[in-house]
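A.B. asks: return a 3D structure for these sequence lines:
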Amino acid sequence: MKVLTLNSGSSSLKFKLFEANGLAPLAGGLAERLGTAANRLAHRWRDDRGRWQERVREGATDGHADAIAHIFADLSAAGVLREPGELAVIGHRVVHGGEHFTTPVLINHASLAQIRAAEHLAPLHNPANLRGIDLTRRLFPRVPQVAVFDTAFHHTLAAHVSHYALPVELYEEFHVRRYGFHGISLQYVTREAAAHMGRPLAELNLIVMHLGNGASITAVAGGRSVETSMGMTPLEGLMMGTRCGDLDPAVHFHLLRYARRTPRQLEDLLYHGSGLKGVCGHGDMREVEALAGVGNPNAALALDMFCHRLKKYIGAYAAVLGRVDALVFTAGIGENAAQVRARSVAGLEGFGIALDPARNRAPGAAARALHREDSRTQIWVIPTDEEYEIARCALDCLANEQVQGASP
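C.D. replies: Numbers count the residues shown, from 1 in each chain. This is a model prediction of the structure:
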């Protein structure tokens, strides 16, 4: 039996196929720029000799339904998934579970209605996630499907952490509060960090930085989220590729009033035209670092801003935790941008955080320690694997439902 994971975005669809027993990866890929003439579907699979093969389709995929049809045709042609009956479960990433979902849930009519009820909390993400769910439920009505929520990891936030300083009726009526995101990644990375450190997760205080195009930082005490930078939406917190992060709320009024932006234009600006891209014209940290290295002043400013904000949050979360056993970097920037890692912890030796420059500069794709031997706080790079975590959660959820005698 096999497990399929799907992460459906507004114009993309990421998938991965695993053996159910042991979760060895069998295939995976990404359909992107869906709905445009420049659409692309890249698919990798492991052949019967254990070697990875790849196929890329350019301009041949017309939307999500067509992408899913191509994906399953490719999986069948490759011999890694010949019929739906081989699937034990399909796991879906859902960005926002609101307050209702604190664990993965088997998708049925009741849970699907509750997921739809949370759409207003993530209007840029949840509708796309639901599109993937609807398509696969129609294609494979007999295959159990599970929703795994990015917000669920943060259900342990205390009320004084999750609430905004707004009238309480806005929380009670409209559910305005801080939820946090990147929880699927955090759940995987914290468990892996504890394993590499050789200590029980329940004993560890960690600061985990998920740094990709979307970026967040989370304080984790004993495996529980106690503070996180993202809020009601993934817009709050750190500076990101195209998102502004923390911003004086009065800036919104100023732009509406004097820059004559409409609310929709303002939303698009803050989500898609700000962050690194807004400051220097490029949202990819690799391009920003390259431009800063040849003296581009706006790229240098963007890099300075990104690292400064990250360092500021590290200090704040060290204060929240009281004791920090390790800093953990993950995701594209966290795993690959040595300069960002170095600059974000520079000068923190007084906090017991000491980076080894040689270790930090050394290339590597695996989990690795970066701290000096005399550092009181360990520093780690732990590559994330959200698809593995979704698959694991989906299997666990299905097993729990079967034990309880529930049916899809």
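A.B. asks: in stretch 262-273, what counts as buried?
C.D. replies: Applying a neighbour-count criterion of 16 or more other CB atoms under 10 Å, the buried positions in stretch 262-273 are 267, 269-271. Just so you know, the C-beta spots here come from the backbone N, C-alpha and C atoms, and that holds for glycine as well.
A.B. asks: now, those that are in helices?
C.D. replies: If you go by DSSP state H, the buried residues of stretch 262-273 have 267, 269-271 in helices.
A.B. asks: okay if I get these as TSV plus pLDDT and distance to V95?
C.D. replies: What follows is those, written out as TSV (pLDDT from 0 to 100; distance: CB to CB, whole Å):
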residue	pLDDT	distance to V95
E267	93	16
L269	96	21
L270	95	17
Y271	93	13
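A.B. asks: got JSON lines for the residues you listed, with distance to L106 too?
C.D. replies: Rendered in JSON lines, the data for those read as follows (distance: CB to CB, whole Å):
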{"residue": "E267", "distance to L106": "33"}
{"residue": "L269", "distance to L106": "39"}
{"residue": "L270", "distance to L106": "35"}
{"residue": "Y271", "distance to L106": "32"}
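A.B. asks: F329 belongs to a strand?
C.D. replies: Yes: membership of F329 in a strand is supported by DSSP: H, G, I helix; E, B strand; the rest coil.
A.B. asks: which elements pack onto the helix or strand where E192 lies?
C.D. replies: E192 is part of helix 183-197, with elements assigned from DSSP states H and E. In this structure, helix 183-197 packs against strand 145-149, strand 205-211, strand 215-221, strand 326-330, strand 378-381, helix 386-403, with contacts taken as 3 or more CB pairs under 8 Å, 6 or more residues apart in numbering; DSSP states H and E.
A.B. asks: distance between it and the chain's centre?
C.D. replies: Going by CA atoms, centre = their mean, to the nearest Å, the spacing between the C-alpha centre of helix 183-197 and its chain's C-alpha centre is 13 Å.
A.B. asks: extract the C-alpha set from that helix and format it as PDB.
C.D. replies: Output in PDB follows, covering the C-alpha atoms of helix 183-197 (Å, rounded to 0.1, in the frame of the first residue of the first chain):
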ATOM      1  CA  GLY A 183       3.200  23.900  11.900                       C
ATOM      2  CA  ILE A 184       3.700  20.800   9.700                       C
ATOM      3  CA  SER A 185       7.300  21.700   9.100                       C
ATOM      4  CA  LEU A 186       7.800  22.600  12.800                       C
ATOM      5  CA  GLN A 187       6.400  19.200  13.900                       C
ATOM      6  CA  TYR A 188       8.900  17.400  11.700                       C
ATOM      7  CA  VAL A 189      11.900  19.600  12.400                       C
ATOM      8  CA  THR A 190      11.600  19.600  16.200                       C
ATOM      9  CA  ARG A 191      11.300  15.800  16.300                       C
ATOM     10  CA  GLU A 192      14.400  15.500  14.100                       C
ATOM     11  CA  ALA A 193      16.300  18.100  16.100                       C
ATOM     12  CA  ALA A 194      15.700  16.100  19.300                       C
ATOM     13  CA  ALA A 195      16.900  12.900  17.600                       C
ATOM     14  CA  HIS A 196      20.100  14.500  16.300                       C
ATOM     15  CA  MET A 197      20.800  16.100  19.700                       C
END
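A.B. asks: low-confidence ranges in the chain?
C.D. replies: Judged by pLDDT under 70, the chain has its weakly predicted residues at 402-408.
A.B. asks: domain map for it?
C.D. replies: By the record's domain assignment, the chain is partitioned as 2-149, 199-386 (automatic domain parsing).
A.B. asks: output those domains as TSV; include the columns distance to F174.
C.D. replies: Supplementary listing: the domains of the chain in TSV, determined by distance: least, CB to CB, whole Å:
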stretch	distance to F174
domain 2-149	9
domain 199-386	10
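A.B. asks: the strands in the chain, which residues?
C.D. replies: According to DSSP state E, the chain carries its strands in the segments 2-8, 13-19, 25-32, 40-46, 52-58, 87-94, 105-106, 145-149, 205-211, 215-221, 224-228, 326-330, 368-369, 378-381.
A.B. asks: quick one: contacts of the first one?
C.D. replies: Surrounding strand 2-8, the residues in contact under the criterion CB atoms under 8 Å, 6 or more residues apart in numbering are 13-20, 23, 26, 64, 80-81, 86-93, 128-129, 131-133, 136, 386-387, 390-391, 394-395.
A.B. asks: same check, this time on stretch 102-118
C.D. replies: Contact with stretch 102-118 is made by 91-92, 94, 96-98, 100-101, 126, 130, 133, 137, 144-149, 152, 155, 393-394, 396-398, 401, 406, 408, as judged by CB under 8 Å, 6+ apart.
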